[in-house]
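In: Quick one: sequence and predicted model below, then my questions.
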Number of protein chains: 2
Amino acid sequence: MSHYNPLIERALEGNMLALGRLARIIDDGEDGAGEIIRSIYRRAGRAHVVGITGPPGAGKSTLVNGLVRRCRKEGRKVAVLAVDPTSPYSGGAVLGDRIRMQEHATDPGVFIRSLATRGHMGGLSRSAMPLTILLDAVGHDLIFLETVGVGQEEVEVKDLAHTKVFVTVPGLGDGIQAMKAGVLEIADILLVNKADLPRADLTVRDLETMVKMAEGDRGWTPPVLTSVASEDVGLAEVMSSLTDHYRFLLDSDFLHAWSLSTAEAAVREAMRGAAEAGIMDLLERERAAFAEDVGKVSLREEDPITVARRWLAKLGLRDD
Amino acid sequence: MSHYNPLIERALEGNMLALGRLARIIDDGEDGAGEIIRSIYRRAGRAHVVGITGPPGAGKSTLVNGLVRRCRKEGRKVAVLAVDPTSPYSGGAVLGDRIRMQEHATDPGVFIRSLATRGHMGGLSRSAMPLTILLDAVGHDLIFLETVGVGQEEVEVKDLAHTKVFVTVPGLGDGIQAMKAGVLEIADILLVNKADLPRADLTVRDLETMVKMAEGDRGWTPPVLTSVASEDVGLAEVMSSLTDHYRFLLDSDFLHAWSLSTAEAAVREAMRGAAEAGIMDLLERERAAFAEDVGKVSLREEDPITVARRWLAKLGLRDD
């Protein structure tokens, strides 16, 4: 039993303020986060989690905005988590973007949240996982994870999202540049946004060629779609492709496999998070002593490895 | 005393094979990494570390290639660490890029290395720090860290690089998109590459305006430069700007401040790395038992937090 239960009850009833408070507790990495997840974890598992990944300038936020609008017309509850520092949701927006994002700000069926970074020991991934669990548990039908990045470093999106959409634009290093490094292996849908720009057809053809070359035994061939998200062009096709892919997962063994790898990622993430929190707390508590040791490293009187081991030992972590 | 000393001796004498082996040991995260760093740490501190950051397609690799060529003409030893999954150095290149990169492949005065990612518990940052220390210690004059990303998530570059160059191109979301989210606060040089593209002047003007607005008490105003790296245009100016900035750091207190924050980051990184390595080793050793617990989380019989705590306790990590 958690003393967050009254808050959780209200969030389950659809109270957005309560949900916002729970999300803030999780995002702040307070001790409560663990308690909340423990209380709600069994309720999760029904949302369709969609990753929207692509380089800055690809128009991901406009796309998400348009997709959210479509979901709302169908009466589906939607959440957006922006793990992209260039996203207007994350506070990196120019004014125009911000105003555009206001469209859904007062809609109780839309929950929007940006994930804070928390300095060197933090990172984006720590709260993405528990927040997705929370949003899933309180009954969102779709959860969009908007993220910059080009594949490898976005492991958390790969772990969390059922359906990974990779968005690119014509002319960005011939459309291929952004598709390097394993993106193809994890993308379920490829989208050329801003398809009214010159040479969009070339980018589409490049991607189609790459999809053909990469074809494996996934049982799913990523479609290459086009859109002009700012004018709501092509988004119906994106929505139905999202549904197709989720149905494919439900009909196959892949959803189970995905769920096992997500479970493993969740446990590892929780372990890492707890270990890092322990380190941060310790260094915070003994700040002066730590600063003294850092000074020695700075003057090269000691090396960082030796100092790190000494401090880890204080934490009780066994050093083999 | 480390049994890596013979290898270290040879690397210090300029043996590239020995250096390569040390780098591989560090990059693989073997236990030897700590030993190596302990042995060489006191020799480091003389290299000028330059971060080259910008979105995919900005031409960072071509730029680095050109800058390396210039350094070599001056007889300076150079290293390149690519922490960018889209970089040709990192293996994400299309064929043309790879061939272009061969230019320096046989030059013993140039060390090139891409940093591997290592699944969920790894990450780019873990080896960037120790590799930079190694390359510094064996006498490289300049170390280029090539990295994608738009600021916040590239904390390690901020910690490691003396001089942060942010590269953008005309027309990428009006040149502003990519400059969001704190890049301006950490960039020391702003570079508009592919400046022969249309509207380059607008991008330059935008950046100059933003620099003016952001002007603080750093004592250094980031210059806005232009280049066409593929044609070696503007690179002399970039080089002299790099030198200017390093001289500025040497003449001011900033180099000391930077060095303290780097030392702190190095210790924290080493702690985090050791904690994660401990977790990984444990889960590897008791793989079957862990898989069983993951299965329970997958079936929602248990939640990830409870399971994570149980496994952390095995590691000896105190749970407050």
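Out: Perfect, thanks for sending it. Numbers count the residues shown, from 1 in each chain, chains lettered A, B, ... in the order given.

In: Show the residue spans covered by the helices in the stretch 201-320 of chain A.
Out: A:235-251, A:254-285, A:287-298, A:304-314 (DSSP state H, counting those that start in this stretch).

In: which stretch among the ones you listed comes nearest A:L135?
Out: Closest approach to A:L135 among those is made by helix A:254-285 (14.4 Å; Cβ to Cβ). Where you see a C-beta, it was placed from the backbone N, CA and C, and this is true even at glycine.

In: Now do the closest one, average pLDDT.
Out: Helix A:254-285 carries an average pLDDT of 86.

In: list the buried ones in it?
Out: For helix A:254-285, a neighbour-count test (16 or more other Cβ atoms under 10 Å in any protein chain shown) marks A:254, A:258-260, A:262-280, A:282-283 as buried.

In: can you narrow those residues to ones near chain B?
Out: The residues of the buried residues of helix A:254-285 that also fall near chain B, by Cβ under 8 Å from any Cβ of the partner chain, are A:259-260, A:262-276, A:278-279, A:283.

In: Need the residue closest to the centroid of chain A.
Out: A:L145 (4.1 Å; Cα atoms, centre = their mean).

In: name the element it belongs to?
Out: strand A:142-147 (DSSP states H and E).

In: Which strands or helices does that strand pack on?
Out: Strand A:142-147 makes packing contacts with strand A:48-53, helix A:60-73, strand A:78-82, helix A:125-137, helix A:155-160 when contacts are defined by 3 or more Cβ pairs under 8 Å, 6 or more residues apart in numbering or on different chains; DSSP states H and E.

In: what inclination does the longest one have with respect to strand A:142-147?
Out: Yep, that's helix A:60-73 we're talking about. 180 degrees (axes from the mean of the first three to the mean of the last three Cα atoms, to 10 degrees).

In: do helix A:60-73 and chain B meet?
Out: No - Helix A:60-73 is not in contact with chain B by Cβ under 8 Å from any Cβ; minimum separation 10.2 Å.

In: Only the buried residues of that helix, if you could.
Out: By neighbour count on 16+ other Cβ under 10 Å, the buried set for helix A:60-73 is A:K60, A:S61, A:T62, A:L63, A:V64, A:N65, A:G66, A:L67, A:V68, A:R69, A:C71, A:R72.

In: One more: the shortest one?
Out: For strand A:78-82, the buried set under the neighbour-count rule, 16+ other Cβ under 10 Å, comprises A:V78, A:A79, A:V80, A:L81, A:A82.

In: So, low pLDDT: which residues of the stretch 101-250 of chain A?
Out: Applying pLDDT under 70 to the stretch 101-250 of chain A picks out residues A:101-102, A:105, A:115-126, A:148-156, A:172-183.

In: The residue nearest to the centre of chain A is in contact with A:G51, isn't it?
Out: Yes - contact criterion Cβ atoms under 8 Å: A:L145 and A:G51 qualify, at 4.8 Å.

In: Could you pull out the residues contacting both of these two?
Out: A:V157, A:L160, A:A161 (Cβ atoms under 8 Å, 6 or more residues apart in numbering or on different chains).

In: right, and out of those residues, which lies closest to B:S114?
Out: For the shared contacts of A:L145 and A:G51, the nearest to B:S114 is A:V157 (21.7 Å; Cβ to Cβ).

In: show me what contacts the residue nearest to that closest one when sequence neighbours are not counted?
Out: Take A:V157 and drop its neighbours on the chain: the residue closest to it by Cβ to Cβ, 6 or more residues apart in numbering or on different chains is A:G51, 4.3 Å away. Listed by Cβ under 8 Å, 6+ apart, the contact set of A:G51 reads A:F144, A:L145, A:T147, A:E154, A:V157, A:K158, A:L160, A:A161, A:T163, A:K164, A:V165.
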